[in-house]
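Engineer: need a structure here:
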Amino acid sequence: ALGGLSIACAIEDVNFLVDTEFEAFDRIFPAAYAECPLGVLTLTIARILMCLTMGDLDCYTKHYMWVSKELYKTPLTVAMGTEWPMFALLNSHDWSYPGIPPGNDYDCENSSRELINWPALLRALQDDPLRPEASWWLDSLRYAFDTKLAHSMYTSSSDCLYGVYVSNIIKAMWSADTESSAFRIYEPYVQWVLYESPHLLGASSWRLFELMHHFTSLRR
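Structural biologist: Presented below is the predicted three-dimensional model:
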């Protein structure tokens, strides 16, 4: 009973914060954004996560598109270099609600696999207790740089869009890590990923927010 009480109190605290503190923040939003846009973006990310914690889909819907647009227009190099934990915060949430609409195969289990074995790439990103020494980085590179993917991007996008997203993220990571000039080629493709709805990116099994946060370890 006490556990249930503490949970109820925590939800009430979140309700109070969203209803009062953020209401006050809305009044100074333009000035705050002009002073620190990444700080406002991080705070708004926290806000939509609180909305979902409360189960308030209207609250989430009101703000998530602004977050998507801001993430999209924030240069990847800025996201890599900032101390604002935007993607760490997004990755901290359980996105099972609202989740992915039924009937959508975002994890590509039913993909044709004619060009790339997408489920194998997805498995490479997961922790495997049977292979404790496995490296998701090394295992995923051979899929991301498969020449069949480069020559058939349109077909691959139709077959497994989120797999293509991850492949481009991995290629951009490799370019950043090796200081390759190819980074400028892959950077725009990573930006396009971020225009997708946060709840779809978070609810898939592709660990997209975790991968995006990993970019911060590659900054020079």
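Engineer: Now for the most centrally placed residue in the chain: which residues touch it?
Structural biologist: Nearest to the mean C-alpha position of the chain, by Cα atoms, centre = their mean, lies Phe209 at 3.0 Å. By Cβ atoms under 8 Å, 6 or more residues apart in numbering, Phe209 lies in contact with 87, 90-91, 201-202. Every C-beta, even on glycine, is put in place using the N, C-alpha and C of the backbone.
Engineer: Show me those residues that map onto helices.
Structural biologist: Assigned to helices by DSSP state H, the following of the contacts of Phe209 qualify: 87, 90-91, 201-202.
Engineer: pLDDT weak spots in the chain?
Structural biologist: For the chain, residues meeting the criterion pLDDT under 70 lie at 1-20, 219-220.
Engineer: If we use 50, what do you get?
Structural biologist: 1-9, 11 (pLDDT under 50).
Engineer: picking that back up, quick check: the residue nearest to the centre of the chain vs Asp107, distance?
Structural biologist: Here Phe209 is placed at a distance of 15 Å from Asp107 (Cβ to Cβ, to the nearest Å).
Engineer: got the buried residues for the helix or strand encompassing Asp26?
Structural biologist: Assigned by DSSP states H and E, Asp26 belongs to helix 22-27. Neighbour-count burial for helix 22-27 flags Phe22 (criterion: 16 or more other Cβ atoms under 10 Å).
Engineer: got it, and stretch 136-155?
Structural biologist: 136, 139-141, 143-144, 146, 149, 152.
Engineer: what sits up against it?
Structural biologist: So stretch 136-155 is contacted by 114-117, 120-121, 124-126, 156, 164, 166-168, 170-171, 174 (Cβ under 8 Å, 6+ apart).
Engineer: show me the contacts for the residue nearest to Phe215 when sequence neighbours are not counted.
Structural biologist: Among residues not flanking Phe215 along the chain, Met80 sits closest, at 4.6 Å (Cβ to Cβ, 6 or more residues apart in numbering). By Cβ under 8 Å, 6+ apart, the contact set of Met80 is 176, 215-216, 218-219.
Engineer: Got phi/psi on Met80?
Structural biologist: Dihedral pair for Met80: phi -70, psi -30, per degrees, to the nearest 10.
Engineer: Glu133 in helix, strand or coil?
Structural biologist: Classification of Glu133 by DSSP: H, G, I helix; E, B strand; the rest coil places it in coil.
Engineer: mind pulling up the phi and psi values for it?
Structural biologist: Per-residue torsions, Glu133: phi -90, psi 0 (degrees, to the nearest 10).
Engineer: ok, it - how many residues close by?
Structural biologist: With neighbours defined by other Cβ atoms under 10 Å, the count for Glu133 comes to 5.
Engineer: ditto for Trp95
Structural biologist: 19.
Engineer: ok, the nearest residue to it once chain neighbours are set aside - how many residues close by?
Structural biologist: Of all residues not flanking Trp95 in the chain, Gly202 sits nearest, at 3.2 Å (Cβ to Cβ, 6+ apart). Look at Gly202: counted by other Cβ under 10 Å, it has 24 neighbours.
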